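Peer 1: sharing a model that was predicted from the sequence below.
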Amino acid sequence: MMNLFAFLSILLSISSSLMGVITLLRSKKNRIGITFSLFAFAVALWGLGGYKSSTTNLEEVALFWWRIAYIPVIMIPVFYYHFILSIARVNRRICNYILIAAYLLGVLYIALNLYAKDLFLGEFKFLFNQFYWHDWFIRKNILYLIFYISFYWFLLSYAFFILIKEFRYSSGLSRNQLKYVILSSIVGWIGAEGCFLPDFHIYIYPFCQLFIVVYPLILTYAVVKYRLMDIRVAITRASAFIAVYTIVLGIPFILAARFKAWFIDYMGPSWWTAPLGLMAALATVGPFIYIFISRRAEERVLYKQRAYQNTLKQASVGMTRIRNLKKLLNLITHIVTKTVKISYAAIYLFDREKDEYILQVSRDNGKISLSKLSSDNPLVTWLMVKREPMVYEEIKRQMEDNTNVTYKFLEENMRHLNAAVIIPSFLEDKIMGFIVLGEKISGQIYTPDDLNVFQVLASQAALAIENAQFYEEAKEMQDQIAQAEKMATIGTMADGLSHQINNRFYALSLIAGDSIDTIKMTDTSKCTPEVREMIDSINHALERIQVNVMQGGEVVKGILKYTRKGEEKFEDLTMDQIIDGTLEMVQFKVRLSEIDIVRDYPKDGPKIRGNLIQLQECFFNFIDNAYDAINERKAEMKEEGYRGRVVFSTLPKGEYMEITVEDNGLGVKEENIRKVFTPFFTTKISARKGTGLGLYVINKIITDAHKGRIAFESEHGIGTRFILELPIAK
């Protein structure tokens, strides 16, 4: 007949079997999972044996199933001890010796249980008018007492000692995980010891089987999820479960025991259907009562946690309105550290130029973290593939239980980043960066709810960061466009300006010429030497004015020639024509005396088919950029005897002339080489910083207007080389 102990036993067998299978499937290669699965299956077998032995009135059948049930009873402490060793970092040598001894003794006790009945278990007694139970006092078998004391007191006590020791020296997430194991161990120990009480004539009904049901539930949470919930939630749910199901299962049995005679009078032989029906009804509403009570209890326990999660959700909504990137990043770290109360927070963003994730901002409390991570770092690859938060303790445990070297790299990088958790920030399929969070100051774990909120925050942050980056880039580009438009406006004004300037030059020339003629016609023979010397000085000054006026006119003429669009016609040109015209103009911007211009090409080489004005504009930019790079190298490298040089060389290649323009300036850094032809990109750092349009325009002139090709090579600290291919004149 079904009784409470039988019901709890079959419930224990089913739940433990399911937990063992789930754990084994989720942790096939994990030592912790395997040892826990052995433990769960042993508990399941104990539940099955308890159910079968307590539902029969035949002593022989009950004795058979009790002997089956005692196989797991013997091995449960051994499997538990093995499980504790798999999660603890202890002196393996001593503990392993004890483990081997425990397994050997367990095999010996099982053999005695099966084949030497009188030496181990002994006799059984019918208890509580429901089932047979072992009675040690009938035979007082010393081997059974040795087994009980050595396994259920000494071995379990030592395992618990290891657990407490591990807990004392742990911190953060690991410490909270161990709380699960400690809590479940206490619950399970109470349940196990309670089942031994009737053996020694302490006749308390084994309600404690319910504790053994709860025991693996808590452990499964810890093993399978390993960060499922705060330990307070585990205690709350376990308490609610025990309270609800004690009432659900206890009331029908109390009524049956108290009013059995009354039920028999009114219902006859079927009296048991009344308490059984009540049990079925209560079992139906029990889960709903449990959910309601546990949810209300969790709301009270996790009030502060829910509060900061709501704060983070609200903050994530308003981030997209912030346009200043630095302000945005500081705000994110400030909100997270202050709201969640964590020891460290940092944000890394992807830098396309350097192909690295660069530390942008941190609130570190004196901690030193990595300043950057390369895009091919295993940690970055892991985040891109998994697309979910990384928890340090989980990675560390995987490293200890897995031979895959990837986990070692991941653990090392997370440790150097001071990361308890890393939250990736994705925008569609692109990872913008990641948020690094240190441990909570309270020592509590990051719950799944926490991680979900952080993922929402990271997603909103990605959008806000992209908006801020776009706004800053657009603002910078607008400034560059305005500067370019200003320069273009000056160019369009060149005709009018040159006319006005030439008029002034012409007036100065006339005034100076007239003054010189006047001096020449004046008789200075009667003047004193001092006066004659003064007149000579004035005459010399006027002549200098005339010379400079002529040079100024040439400058204006050159500017006008450079700024005018020029004719679209193409003509046959020599290299000297292009370079001579270029030098005429560039000498007013560049001090040609400070560098060497080398023409390394034959004078009688093939001519080029091109537009003279456009090609002079290209070569003007080449010399101008080379001059800046040469000065940067002088300032940065300070090399003795260094002198700048620009070399022009040619090499006919079929229908094209390959022209090389090479300088020995500072050169361009590797990460910037691919961007030199991008509009508004510039490497100039002086006050004369360019607009970044020069090389972009050159590329258009060579490739679009002349149907040629242009390539760029550079090595930082060595120099730069432009390679042009222009059509040869036919």
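Peer 2: Now that the structure is in, tell me what you want to look at.

Peer 1: in this structure F167 contacts K179, no?
Peer 2: Yes - contact criterion Cβ atoms under 8 Å: F167 and K179 qualify, at 7.4 Å. Bear in mind the C-beta positions are built from the backbone N, C-alpha and C, glycine included.

Peer 1: mind listing the strands for the stretch 1-150 of the chain?
Peer 2: Secondary structure of the stretch 1-150 of the chain by DSSP state E, counting those that start in this stretch: the strands cover 124-127, 131-134.

Peer 1: most packed of those?
Peer 2: Comparing these by mean neighbour count (mean count of other Cβ atoms under 10 Å), strand 131-134 ranks first with a mean of 22.

Peer 1: how distant is that one from the center of its chain?
Peer 2: 59 Å (Cα atoms, centre = their mean, to the nearest Å).

Peer 1: as JSON lines, the strands of the stretch 1-150 of the chain with distance to G433 and mean pLDDT would be great.
Peer 2: Putting those into JSON lines (distance: least, Cβ to Cβ, whole Å; pLDDT from 0 to 100) gives the following:
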{"stretch": "strand 124-127", "distance to G433": "66", "mean pLDDT": "88"}
{"stretch": "strand 131-134", "distance to G433": "64", "mean pLDDT": "88"}
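
Peer 1: could you check these and tell me which one is nearest Y656?
Peer 2: With Cβ to Cβ, the closest approach to Y656 among those belongs to strand 131-134: 100.9 Å.

Peer 1: and T403, how many neighbours does it have?
Peer 2: When neighbours are counted by other Cβ atoms under 10 Å, T403 registers 8.

Peer 1: let's verify I358: helix, strand, or coil?
Peer 2: strand (DSSP: H, G, I helix; E, B strand; the rest coil).

Peer 1: right, and it touches Y348 too?
Peer 2: Yes - at 6.4 Å, I358 and Y348 qualify as touching, with contact defined as Cβ under 8 Å.

Peer 1: those two: who's more crowded?
Peer 2: The neighbour count for I358 versus Y348, taken as other Cβ under 10 Å, is higher for Y348 (26 against 15).

Peer 1: and the helix or strand that one falls within, which strands flank it?
Peer 2: For Y348, the host element (DSSP states H and E) is strand 345-351. Strand 345-351 has these partner strands in its sheet, going by DSSP bridges: strand 356-363 (antiparallel), strand 430-437 (antiparallel).

Peer 1: if we go by neighbour counts, what in that strand is buried?
Peer 2: Within strand 345-351, the residues that count as buried by 16 or more other Cβ atoms under 10 Å are A345, A346, I347, Y348, L349, F350.

Peer 1: over to stretch 637-649?
Peer 2: Of the residues in stretch 637-649, G644, R645, V646, V647, F648 count as buried by neighbour count, 16+ other Cβ under 10 Å.

Peer 1: spit out the contact partners of the first one.
Peer 2: Residues in contact with G644 (Cβ atoms under 8 Å, 6 or more residues apart in numbering) are E594, I595, D596, A626, Y627, I630, N631, R633, K634, D663, N664, G665.

Peer 1: quick one: which of those is nearest C195?
Peer 2: Using Cβ to Cβ, those come closest to C195 at R633, 85.2 Å.

Peer 1: look at the closest residue to that closest one other than its chain neighbours and tell me its secondary structure.
Peer 2: Counting by Cβ to Cβ, 6 or more residues apart in numbering, R633 lies nearest to L666, which is 4.0 Å off, once chain neighbours are set aside. Of the three states, L666 takes coil under three-state DSSP.

Peer 1: L666 contacts E639, correct?
Peer 2: No - applying Cβ under 8 Å, one finds L666 not in contact with E639, separated by 11.0 Å.

Peer 1: what residues are shared contacts of the two?
Peer 2: R633.

Peer 1: quick check, P727 in a strand?
Peer 2: Yes - per three-state DSSP, P727 lies within a strand segment.

Peer 1: what residue ranges in the stretch 551-700 of the chain score low on pLDDT?
Peer 2: For the stretch 551-700 of the chain, residues meeting the criterion pLDDT under 70 lie at 551-568, 671-694.

Peer 1: contact partners for F434?
Peer 2: Counting by Cβ under 8 Å, 6+ apart, F434 makes contact with I347, Y348, Y357, L383, I422, I423, P424, S425, A458.

Peer 1: rerun that using 10 Å as the cut-off
Peer 2: By Cβ atoms under 10 Å, 6 or more residues apart in numbering, the contact set of F434 is 346-350, 357, 373, 379-380, 383, 389-390, 417, 419, 422-426, 458.

Peer 1: partners of it in the sheet?
Peer 2: Taking DSSP bridges as the rule, F434 bridges to Y348, P424.

Peer 1: quick check: pLDDT value at it.
Peer 2: As predicted, F434 sits at a pLDDT of 88.

Peer 1: swap in H499?
Peer 2: In this prediction, H499 carries a pLDDT score of 59.

Peer 1: returning to that earlier point: farthest pair in the buried residues of stretch 637-649?
Peer 2: Pairwise over the buried residues of stretch 637-649, using Cβ to Cβ, the maximum falls at G644 and F648, 14.3 Å.

Peer 1: circling back: show me how to select, in PyMOL, the buried members of the contacts of G644.
Peer 2: What follows is the PyMOL syntax for the buried subset of the contacts of G644, where burial is set by 16+ other Cβ under 10 Å:
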select buried, resi 595+626+627+630+631+633+634+663+664+665
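
Peer 1: now, the contacts of G644 that are in strands?
Peer 2: Among the contacts of G644, the members falling in strands are I595, D596, D663 (criterion: DSSP state E).

Peer 1: between those, which is nearest L105?
Peer 2: L105 lies nearest to D663 out of the ones in strands among the contacts of G644, by Cβ to Cβ, at 84.2 Å.

Peer 1: which residue sits closest to that closest one, ignoring its sequence neighbours?
Peer 2: Distance criterion Cβ to Cβ, 6+ apart; nearest residue to D663, sequence neighbours excluded, is A626 at 3.6 Å.

Peer 1: how far away is the one you found from G644?
Peer 2: Distance of A626 to G644, computed by Cβ to Cβ, to the nearest Å: 7 Å.

Peer 1: overlap in contacts, the two.
Peer 2: Overlap of the contact sets of A626 and G644 (by Cβ under 10 Å, 6+ apart) consists of I595, I597, D663, N664, G665, G719.

Peer 1: need the max-distance pair from these.
Peer 2: Of all pairs drawn from the shared contacts of A626 and G644, the greatest distance, 15.0 Å, lies between I597 and G719 (Cβ to Cβ).

Peer 1: where do the strands sit along the stretch 451-600 of the chain?
Peer 2: For the stretch 451-600 of the chain, the strands defined by DSSP E, counting those that start in this stretch cover 571-573, 595-600.

Peer 1: just checking, T333 is part of a helix?
Peer 2: Yes - remark: T333 belongs to a helix, assigned using three-state DSSP.

Peer 1: from S537, how far off is the residue located most distally from the centre of the chain?
Peer 2: Going by Cα atoms, centre = their mean, the residue of the chain most distant from its centre is K526, 94.6 Å out. Distance of K526 to S537, computed by Cβ to Cβ: 19 Å.

Peer 1: same check, this time on A6
Peer 2: Plainly put, A6 is 129 Å away from S537 if you go by Cβ to Cβ.

Peer 1: compare those two (neighbour count), which wins?
Peer 2: Per other Cβ under 10 Å, whichever of A6 and S537 has more neighbours is A6, with 21 against 10.

Peer 1: just give the nearest non-adjacent residue to the more buried one, would you?
Peer 2: Nearest non-adjacent residue to A6, counting by Cβ to Cβ, 6+ apart: S54, 4.4 Å away.

Peer 1: and if you look at I71?
Peer 2: Leaving aside its chain neighbours, I71 sits nearest to I110 (5.5 Å; criterion: Cβ to Cβ, 6+ apart).

Peer 1: ok, what's across the strand from K125?
Peer 2: In this entry, K125 is beta-bridged to W133, by DSSP bridges.

Peer 1: right, I'll leave it there.
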